[in-house]
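In: Coordinates for the following, if possible.
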Amino acid sequence: MTLFLEISIALVLAAFCGTVFYFFKQPTVVGFIVAGLIIGYFGYLNDQANLDLVESLSSIGVALLLFIVGLEMRVSDLKRVGLSVIIAGLAQVFITFGVLYWLCGLLGLATTPSFYISLALSFSSTVIAVKILSEKRDLSSLYGRLALGILLVQDLISVLVLIFLSGLANGGENITLNVFYTLLKGSVFILLAVLASRILPKFMGLISKSPELLYLFSLAWAVGISALFVSPIIGLSAEVGGLLAGLALAGSAEHFQISARLKPLRDFFLIILFIGLGARMLSGGGSEIAVPVLLLSLSVLALKPLLVLLSLCALGYKPRTSLLAGLVTSQVSEFSFIVIFLAAELGHVASGDVSLVAMIGIITIFISSYLIIYSKHIYVFLRPALRLLKFRKLGLEEMAEETMLTDHTVLIGVHRMGESILKAISNSGEPFVAVDFDPEVVSRLRAAKLPVIYGDVSDPEIQDVLGLEKARTVISTIPDPEDNGAVLEFLKRRNPGAKTILTAPTPHVAKALYGLGTDYVIVPRLVGGAEVARMITNDPSLSGLPELRQRDLDIMPTDKD
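Out: Next comes the predicted model:
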């Protein structure tokens, strides 16, 4: 069978499995891995040349992934996520490494393989986190931002590890000098990336008028720098090159456009990666690694979320937010495979150790996908036990001052559309409280002496602090149906008389919210924040909501949007 036919079969099968999993509301990543298992079972892509091609295509996907990570990364990102996230990220990596190293010793693994296996398993996957949080539309939620902040810290650590291992892989008798030379080269190229970030944005501005040229140049820059880094001239990994290439363009005004255009191509290559992982699961390693695979997989799945949960709770976040963020990190990273492959090239681990990490990676990615999808259900199940983890009475998710609000307005989401609404409410003189999960927005409002809470409105404890039970009006500018549904459910049980103004991404979702009893739904394409502000200013009692509601219902399409 020709290579073209084998890859075509793999892609068709991946599309079929992904579609089936999507329609059953399951993670599509798991569908791609299942496709890989089927391909491996029937012996497709087993030829060494074909496997090498799949690995090369997978490497392009990971390099493009890190290019986009670098593209969207700012030095200010670490400031934005805060010291607490940095502490949680560092704690998870180092404690996970220590516990797994000890466990590998108990399982009878040699010292050097134990070191590399523990190191590889210490990192969590940005790919899985971003993909599933995007599918859940939780990327901008508080727990999503915390989880991605922790993963950002881990990505930076893993890049340093890759630079170090690349130095070892370069060979030479004087290992210390060789590693030092590689670290020096890495530092120089990081410096060059910073300098390029000052020059390239101007050039990007010149070619931005041609979308095709912008796309082609960005792709060539990402792949070219990655190839340069993996060449003997530099001797680092392609992944490090991809990240630095992205950092060099992060300051350009076009970085959002570049990211949006390259993501479909990145996803195509990452699908190849997941197919390859599934195919490898049935090859290599025998029954002798079954027990270590099982125990280490369970340890990763339990230990990483637990460490994030305890760290964030100790730093002042509520158990719900901490648990949801922790579950996002409950798998091994794409960097794990790179680390163990580099260790194999050095001759420090055997092929069985590579198979061990690969199988643990696939198992944890598979199971963690469901842990993330059903994280809120897991929280409900564990809620009684999690109440013991309130280490601090007032943490990072609290009100600036505890006040007993009654007959007030609750504004959910202040950024963008909420700004004009907040101004109108504040000028009205009526009591109100706002809630947002952006720490910068919260800090700014607190500096202006405005009542604001930093937290996630879907958290029952935040709902209590907001005083939803005694609120006169609830206005939500966030278009998340799940969060708005949680607010409606709360109000239906404990404050059915409150007037509600919610936001929906589409008319179809708006109709569903109306069916649940919402007084008025903001559909951005139909009504903006400015109109709501005028509504509050001109009609503080909001007596005109029924007319506005009917007006929008009359112009909504009849079919699904």
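
In: quick one: stretch 265-280 to chain centroid distance?
Out: In terms of Cα atoms, centre = their mean, to the nearest Å, the centre of stretch 265-280 is set 18 Å apart from its chain centre.

In: What of stretch 52-66?
Out: Counting by Cα atoms, centre = their mean, stretch 52-66 is centred 20 Å from the centre of its parent chain.

In: go on, stretch 513-529?
Out: Centroid separation for stretch 513-529 versus its chain: 28 Å, with Cα atoms, centre = their mean.

In: Return the set of buried residues in it.
Out: 513, 514, 518, 519, 520, 521, 522, 523, 526, 527, 529 (16 or more other Cβ atoms under 10 Å). Placement of C-beta: from N, CA and C, glycine included.

In: Next: stretch 198-212.
Out: 200, 201, 204, 208.

In: just stretch 367-377 next, same as before
Out: 367, 368, 369, 371, 372, 373, 375, 376.

In: List the contacts of that stretch.
Out: Contact with stretch 367-377 is made by 26-27, 29-30, 128-129, 132-133, 136, 297, 301, 305, 323-324, 327-328, 330-331, 378, 458, as judged by Cβ atoms under 8 Å, 6 or more residues apart in numbering.

In: circling back: got CSV for the buried residues of stretch 198-212, with distance to residue 337 too?
Out: CSV is the format used below for these (distance: Cβ to Cβ, whole Å):
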residue, distance to residue 337
200, 30
201, 33
204, 32
208, 36
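
In: picking up where we left off before, show only the entries of the buried residues of stretch 367-377 found in helices.
Out: Using DSSP state H, 367, 368, 369, 371, 372, 373, 375, 376 are the members of the buried residues of stretch 367-377 that sit in helices.

In: any idea how far residue 124 is from the second one?
Out: This means residue 368. Remark: distance between residue 368 and residue 124 (Cβ to Cβ, to the nearest Å) = 9 Å.

In: Just give me the residues shared between the contact sets of these two.
Out: Shared contacts of residue 368 and residue 124, counting by Cβ under 8 Å, 6+ apart, come down to 330, 331.

In: Taking the buried residues of stretch 513-529 together, which two end up most distant?
Out: Pairwise distances across these peak at 19.8 Å for 514 and 529 (criterion: Cβ to Cβ).

In: which stretches of the stretch 51-200 of the chain form helices?
Out: 75-106, 111-121, 126-136, 142-169, 175-207 (DSSP state H, counting those that start in this stretch).

In: quick one on the thing from earlier: ok, so of the buried residues of stretch 198-212, who is nearest residue 549?
Out: residue 208 (42.3 Å).

In: Find the nearest non-adjacent residue to the closest one, please.
Out: Among residues not flanking residue 208 along the chain, residue 254 sits closest, at 5.0 Å (Cβ to Cβ, 6 or more residues apart in numbering).

In: give the contact list for the one you found.
Out: 201, 204, 205, 208, 214.

In: The second one touches residue 252, doesn't it?
Out: Yes: distance between residue 204 and residue 252: 4.4 Å, which falls inside the contact criterion (Cβ atoms under 8 Å).

In: count of neighbours near the closest residue to residue 424 other than its chain neighbours?
Out: Spatial nearest neighbour of residue 424, excluding adjacent residues (Cβ to Cβ, 6+ apart): residue 533 at 3.9 Å. Residues contacting residue 533 under the criterion other Cβ atoms under 10 Å number 19.

In: The nearest residue to residue 103 once chain neighbours are set aside and residue 85, how far apart?
Out: Nearest non-adjacent residue to residue 103, counting by Cβ to Cβ, 6+ apart: residue 299, 6.0 Å away. In this view, residue 299 and residue 85 are 23 Å apart by Cβ to Cβ.

In: In a strand, residue 453, correct?
Out: Yes: the assignment for residue 453 by DSSP: H, G, I helix; E, B strand; the rest coil puts it in a strand.

In: Who does it form a beta bridge with?
Out: residue 399, residue 435 (DSSP bridges).

In: And the pLDDT at it?
Out: Among the per-residue scores, residue 453 shows a pLDDT of 85.

In: Make residue 1 into 20 and carry on from there
Out: I'll keep to 20 as the first residue from here, and by that count the last item is residue 472.

In: from what I can see it touches residue 456, true?
Out: No: the pair residue 472 / residue 456 is not scored as a contact, 9.6 Å apart, by Cβ under 8 Å.

In: Identify, from the buried residues of stretch 386-396, the entry nearest to residue 28.
Out: Each of those was checked against residue 28 using Cβ to Cβ; the closest is residue 388, at 24.1 Å.
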